[in-house]
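Student: need a structure here:
(chains A, B, C and D)
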Protein chains: 2
Amino acid sequence: MSEPVRRRAARGRGVELRGQVLAAAMDLLAETGDEQAVSVRAVALRVGVSVPSIYLHFADKQALLDAVCEQVFEALHVRLRAASEGAADPFAALRAQGNAYVHFALENPEHYRIVMMLRHPPTAEAADRAIAGGAFDYLVESVRRCAALGVYTSDPVEVALGLWAAAHGVAALLIAKPYFPWPDVDGFVDRTICMAGLGLAAAERVPGDGSLPLPELVAALDSLTR
Amino acid sequence: MSEPVRRRAARGRGVELRGQVLAAAMDLLAETGDEQAVSVRAVALRVGVSVPSIYLHFADKQALLDAVCEQVFEALHVRLRAASEGAADPFAALRAQGNAYVHFALENPEHYRIVMMLRHPPTAEAADRAIAGGAFDYLVESVRRCAALGVYTSDPVEVALGLWAAAHGVAALLIAKPYFPWPDVDGFVDRTICMAGLGLAAAERVPGDGSLPLPELVAALDSLTR
DNA sequence: CCGCAAGATGAACGGCGCTAACTTAGCGGC
DNA sequence: GCCGCTAAGTTAGCGCCGTTCATCTTGCGG
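Tutor: Prediction:
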């Protein structure tokens, strides 16, 4: 009822509305935790502006969501950098990064869902690439640092993809199936991250295509214990 | 235009419409590859019936989608059983199962998306559990067979969760980010499955919480090569 | 103080999920 | 053979959605 009386923007200041619209969309998503609640009408109402005004700055609803995704991925990128900052060694940094990735997703489940689980029309191809680029490139960099110390020997990009798949898998499962009887979440997350980090290193070292007879495999694995 | 002139069902035969509606929804989803295309109106039109008739057999659209999910998971369960049938040993069976899981998802991307990536309201809790139950229990069983041969020693459910996370991760990434410059898909999938299978086994054998100094870890891993 | 373009809007269109009130038709009983 | 009950299905409409077009308002350079 007591909508803040928004004054029309000054001559060259039309762009300011764009920021307010984007912020309103992000807030709405965070508050309601429901993508459905982020309708063009709801966003316009919150900003205190008419519906068509949204279209002055975003081609359509998808463009608005794309902008939201961009912000989310930027925040994620920052978070990943921070997480791996104080790690003891590159392998520990990778582990910290993986855990940070999943926890970021769990803390912003609807944002993560929009970015990673919604169908994006072909027009969003460029956005997708750019969006994933920053954070993913950083992950590849982290893998390279591990490779330099002998942990990994194969293509860092492929190793990074494996890590990404594991992290996304656990995050996506926890978000999409909240009613599943999960065990301790933090433990599950860290175990999965370690599984990926170790598994990729181990897979490189197993001879052949990994389909060696079972007894030999178990014996080789057991030699790890020592 | 030439809609098949649907005759009203006989007295006790009202339920038959339910099956037709469900089939129409599945077909529509498979043909268009777009969840948006599965609207109550579109389904009704395809069956050759008025819109409210849908609600005679499904409480709401979500209930219809839940029924679709149930069918999908049943098909997946069948596929997993078939995949692990002719495997050389339980570990190979696990690997075959993982690959089959991902390929099933890639062949039915929109079905998989609805089941695993859409927000399900709390009312779907029971459905979710039941749905995931069959296939997941079978996965746990497969893990148990590996554990009996010494591959895994920790809780089979937790191991199965790790495998599920990896398989879902790679499937979900490939489906949600089709424009990402993926390398060879089949290879990526199999590598990720092996990563999980080996990684879970390796993680159990690394002493402590896995954060041992890097040189020792690399040395332990290298002993695998032999 | 005038004119114009940038900024913002009111009204409407077609499609969506869903519902209340109504009609049609199969079938057992007389 | 007709009656009445009720299962099966429809018509009309509500409020929401994303989107568009013609229109109005207003800051500001001349």
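Student: which other residues reach whatever helix or strand residue A:75 lives in?
Tutor: Counting by DSSP states H and E, the element that carries residue A:75 is helix A:61-83. Counting contacts by C-beta atoms under 8 Å, 6 or more residues apart in numbering or on different chains, the residues outside helix A:61-83 that touch it are A:21-22, A:25-26, A:29, A:38, A:40, A:43, A:54, A:58, A:96-97, A:99-101, A:104, A:108, A:111-112, A:114-115, A:118, A:120-121, A:123-124, A:127, A:130-132, A:134-135, A:138-139. C-beta coordinates here come from the backbone N, C-alpha and C atoms, glycine included.
Student: domain-wise, how is chain A divided?
Tutor: Chain A breaks down into these structural domains: A:1-58, A:60-222 (assignment by automatic domain parsing).
Student: any weak-confidence spans in chain A?
Tutor: Applying pLDDT under 70 to chain A picks out residues A:1-5, A:10-12, A:14, A:123-132, A:208, A:210-214, A:224-226.
Student: same thing but 90
Tutor: A:1-16, A:33, A:66, A:69-70, A:72-74, A:86, A:115, A:118-135, A:177-181, A:202-226 (pLDDT under 90).
Student: in it, which spans are helices?
Tutor: A:16-32, A:40-47, A:51-54, A:61-83, A:90-107, A:109-117, A:125-148, A:156-176, A:185-205, A:214-222 (DSSP state H).
Student: mind checking those helices for the one nearest to residue B:175?
Tutor: Ranking the helices of chain A by their distance to residue B:175 (criterion: C-beta to C-beta) puts helix A:109-117 first, at 9.2 Å.
Student: output the contacting helices and strands for the closest one.
Tutor: helix A:16-32, helix A:61-83, helix A:90-107, helix A:156-176, helix B:109-117, helix B:156-176 (3 or more C-beta pairs under 8 Å, 6 or more residues apart in numbering or on different chains; DSSP states H and E).
Student: quick one on the thing from earlier: tell me which of the helices of chain A sits nearest to residue B:204.
Tutor: The closest approach between residue B:204 and any of those, judged by C-beta to C-beta, belongs to helix A:214-222 at 8.6 Å.
Student: now tabulate the helices and strands packed on helix A:109-117 in JSON lines and tack on mean neighbour count and distance to residue A:191.
Tutor: Listed next are the helices and strands packed on helix A:109-117 as JSON lines, based on neighbours: other C-beta atoms under 10 Å in any protein chain shown; distance: least, C-beta to C-beta, whole Å:
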{"stretch": "helix A:16-32", "mean neighbour count": "17", "distance to residue A:191": "29"}
{"stretch": "helix A:61-83", "mean neighbour count": "18", "distance to residue A:191": "18"}
{"stretch": "helix A:90-107", "mean neighbour count": "21", "distance to residue A:191": "11"}
{"stretch": "helix A:156-176", "mean neighbour count": "24", "distance to residue A:191": "9"}
{"stretch": "helix B:109-117", "mean neighbour count": "21", "distance to residue A:191": "21"}
{"stretch": "helix B:156-176", "mean neighbour count": "24", "distance to residue A:191": "6"}
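Student: so for residue B:188, which of the domains of chain A sits nearest?
Tutor: So among the domains of chain A, domain A:60-222 is nearest, using C-beta to C-beta, at 6.4 Å.
Student: how about that closest one and DNA strand C, touching?
Tutor: No. Figure legend: domain A:60-222 not in contact with DNA strand C (C-beta under 7 Å from any atom of the strand); closest approach 11.8 Å.
Student: and the end-to-end length of that domain?
Tutor: 57 Å (C-alpha to C-alpha, to the nearest Å).
Student: contacting DNA strand D as well, which ones from the contacts of helix A:61-83?
Tutor: Judged by C-beta under 7 Å from any atom of the strand, the overlap between the contacts of helix A:61-83 and the neighbourhood of DNA strand D comprises A:38, A:40.
Student: near the closest residue to residue A:221 other than its chain neighbours, how many other residues are there?
Tutor: Distance criterion C-beta to C-beta, 6 or more residues apart in numbering or on different chains; nearest residue to residue A:221, sequence neighbours excluded, is residue B:201 at 5.2 Å. For residue B:201, the number of neighbouring residues by other C-beta atoms under 10 Å in any protein chain shown comes to 27.
Student: residue B:173: which of the domains of chain A is closest?
Tutor: Closest approach to residue B:173 among these (C-beta to C-beta): domain A:60-222, 5.7 Å.
Student: for that closest one, what is the distance to the chain centroid?
Tutor: Relative to its parent chain, domain A:60-222 has a centroid offset of 8 Å by C-alpha atoms, centre = their mean, to the nearest Å.
Student: of the helices and strands packed on helix A:109-117, which approaches residue A:48 most closely?
Tutor: With C-beta to C-beta, the closest approach to residue A:48 among the helices and strands packed on helix A:109-117 belongs to helix A:16-32: 8.7 Å.
Student: returning to what we had before: how far off helix A:90-107 does the helix holding residue A:75 point, in degrees?
Tutor: Inter-element angle recorded for helix A:61-83 and helix A:90-107: 140 degrees (by axes from the mean of the first three to the mean of the last three C-alpha atoms, to 10 degrees).
Student: check whether helix A:61-83 contacts DNA strand D.
Tutor: Yes. With C-beta under 7 Å from any atom of the strand as the threshold, helix A:61-83 lies in contact with DNA strand D, specifically through A:61-62.
Student: export that helix as CSV, just CAs?
Tutor: Coordinates of the C-alpha atoms in helix A:61-83 are reproduced here as CSV (Å, rounded to 0.1, in the frame of the first residue of the first chain):
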residue,chain,number,x,y,z
LYS,A,61,11.7,-12.3,-18.9
GLN,A,62,14.5,-14.6,-19.9
ALA,A,63,16.9,-11.7,-20.3
LEU,A,64,16.1,-10.7,-16.8
LEU,A,65,16.7,-14.2,-15.5
ASP,A,66,20.0,-14.3,-17.5
ALA,A,67,21.1,-11.2,-15.7
VAL,A,68,20.2,-12.8,-12.4
CYS,A,69,22.3,-15.9,-13.4
GLU,A,70,25.2,-13.7,-14.3
GLN,A,71,25.2,-12.1,-10.9
VAL,A,72,24.9,-15.5,-9.2
PHE,A,73,27.9,-16.9,-11.1
GLU,A,74,29.9,-13.8,-10.3
ALA,A,75,29.2,-14.3,-6.6
LEU,A,76,30.1,-17.9,-6.9
HIS,A,77,33.4,-17.1,-8.6
VAL,A,78,34.3,-14.8,-5.7
ARG,A,79,33.3,-17.4,-3.2
LEU,A,80,35.5,-20.0,-4.8
ARG,A,81,38.5,-17.7,-4.9
ALA,A,82,38.1,-16.9,-1.2
ALA,A,83,37.6,-20.6,-0.2
